[in-house]
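# here is my input, please return the structure:
(one chain, ligands or ions: 1)
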Amino acid sequence: MSASASVTRFAPSPTGLLHLGHAYSAFFASAAAGPDGRFLLRIEDIDQGRSRPAFEAAILEDLGWLGLAWETPVRRQSAHMAEYGAALSRLERDGLLYPCFCTRADIQREIAEAAAAPHLVKMGPDGPVYPGTCRHLTKAEQQQRMDSGTPYALRLKTHEAMAAAGPLTWHDEERGTFEAAPDVFGDVVLARKDVPASYHLACTWDDALQGITLVTRGEDLLAATHIHRLLQALWKLPVPRYRHHRLIADAGGKKFSKRDHAPTLRALRESGATPERVKGMLGS
Ligand code: GLU
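This is a model prediction of the structure:
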């Protein structure tokens, strides 16, 4: 591999059909690898409640139709839960996690109550930040709830983790150097109640494990990089370079997303569009 070559990846979640935004992201990652680089595909399917084998098959079909070529084997995250568990144990051993028994309704109630004093409600990139309720439980209280079978997530003690790691930076090739500010998310969930992992955990772990040297993804995930940088420091992983790309929008300026029922690649293909036409629609 030449000096300008990178190892990049496209990491979709098989929870729906790919749309134009995904096509843009996949082309971006593949091109960013450079002619002598390596382009990998990772299926981010830890959310087994929402992931479907049919959507994974559609991802491979759509990307192949677009003319993209990726290295095999494809890494499928659901096959690596034990690795994520081991990564989690390392943080647990360092006293950087705590169990959170809150339900969504508990959290919403707390936030609504605190809304009477808005300065107490901290907003993060994904909405109001977790108010830290379970952080204050004693060991005995934690144990009692666990013994009674109450489901729990594991959250990172973000401030302690930042103190342990010291000041951190990361570099986006187009936007420059950022000082890591993982506390914008508060105490993030690293293991969900239903899945013993989370996007932040599995993505950071896999980027290192797969030897990704340049992480490319949409700018909607730029803030997530603050957390990933912190996890890299805690696990002593190599730090990749980053390139967060713009999100493509429809003619009315609205960003494409699965939720908005953006035109899927399959629908475009079935209506007779060619890969060249799709590239034209992406302006690439
Ligand atoms: N699986 C994530 C998604 O589909 C992408 C994660 C990433 O590229 O870091 O939004």
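
# the nearest residue to Leu68 once chain neighbours are set aside: how many residues sit nearby?
Nearest in space to Leu68, with sequence neighbours left out and distances taken as C-beta to C-beta, 6 or more residues apart in numbering, is Ser30 at 5.4 Å. For every residue, glycine as well, the C-beta is placed using N, CA and C. Residue crowding around Ser30 was assessed by other C-beta atoms under 10 Å; the count is 23.

# touching the ligand at all, the helix or strand where Ser30 lies?
Following DSSP states H and E, one finds Ser30 within helix 20-32. No - Helix 20-32 lies out of reach of the ligand by C-beta under 6 Å from any ligand atom, never closer than 7.5 Å.

# let's see that helix as PDB, backbone CA atoms only.
Taking only C-alpha atoms (Å, rounded to 0.1, in the frame of the first residue of the first chain), the coordinates of helix 20-32 have been written out as PDB:
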ATOM      1  CA  LEU A  20     -29.100   7.800  -1.800                       C
ATOM      2  CA  GLY A  21     -27.400   9.100   1.300                       C
ATOM      3  CA  HIS A  22     -25.900   5.600   1.800                       C
ATOM      4  CA  ALA A  23     -24.800   5.500  -1.800                       C
ATOM      5  CA  TYR A  24     -23.000   8.800  -1.300                       C
ATOM      6  CA  SER A  25     -21.300   7.600   1.900                       C
ATOM      7  CA  ALA A  26     -20.300   4.300   0.300                       C
ATOM      8  CA  PHE A  27     -18.800   6.000  -2.800                       C
ATOM      9  CA  PHE A  28     -17.100   8.500  -0.500                       C
ATOM     10  CA  ALA A  29     -15.400   5.800   1.700                       C
ATOM     11  CA  SER A  30     -14.400   3.700  -1.300                       C
ATOM     12  CA  ALA A  31     -12.800   6.700  -3.100                       C
ATOM     13  CA  ALA A  32     -11.100   7.900   0.100                       C
END
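
# counting contacts, what elements does it pack onto?
For helix 20-32, the packing partners by 3 or more C-beta pairs under 8 Å, 6 or more residues apart in numbering; DSSP states H and E come out as strand 7-10, helix 53-65, strand 214-218, strand 241-245, helix 265-270, helix 275-282.

# just how off-centre is the helix or strand just after that helix within its chain?
If you walk from helix 20-32 toward the C-terminus, the next helix or strand you reach (DSSP H and E) is strand 38-43. Strand 38-43 has its average C-alpha position 15 Å from the chain's average C-alpha position, going by C-alpha atoms, centre = their mean, to the nearest Å.

# near the ligand, which residues of the protein show up?
For the chain, the contact set with the ligand under C-beta under 6 Å from any ligand atom comprises Ala11, Pro12, Ser13, Glu44, Cys203, Arg217, Leu221.

# list the buried ones in stretch 141-154?
Residues of stretch 141-154 classed as buried by neighbour count (16 or more other C-beta atoms under 10 Å): Gln142, Arg145, Tyr152, Ala153, Leu154.

# could I get those residues as CSV with distance to Tyr130, pLDDT and secondary structure?
As requested, the buried residues of stretch 141-154 are exported to CSV (distance: C-beta to C-beta, whole Å; pLDDT from 0 to 100; DSSP: H, G, I helix; E, B strand; the rest coil):
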residue, distance to Tyr130, pLDDT, secondary structure
Gln142, 16, 98, helix
Arg145, 17, 97, helix
Tyr152, 13, 98, coil
Ala153, 10, 98, strand
Leu154, 12, 98, strand
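
# just for the stretch 101-250 of the chain, where's the confidence low?
Flagging of the stretch 101-250 of the chain using pLDDT under 70 yields the residue ranges 118, 250.

# can you give me the helices for it?
Along the stretch 101-250 of the chain, counting by DSSP state H, counting those that start in this stretch, helices occupy 104-114, 139-147, 158-165, 199-209, 224-235.
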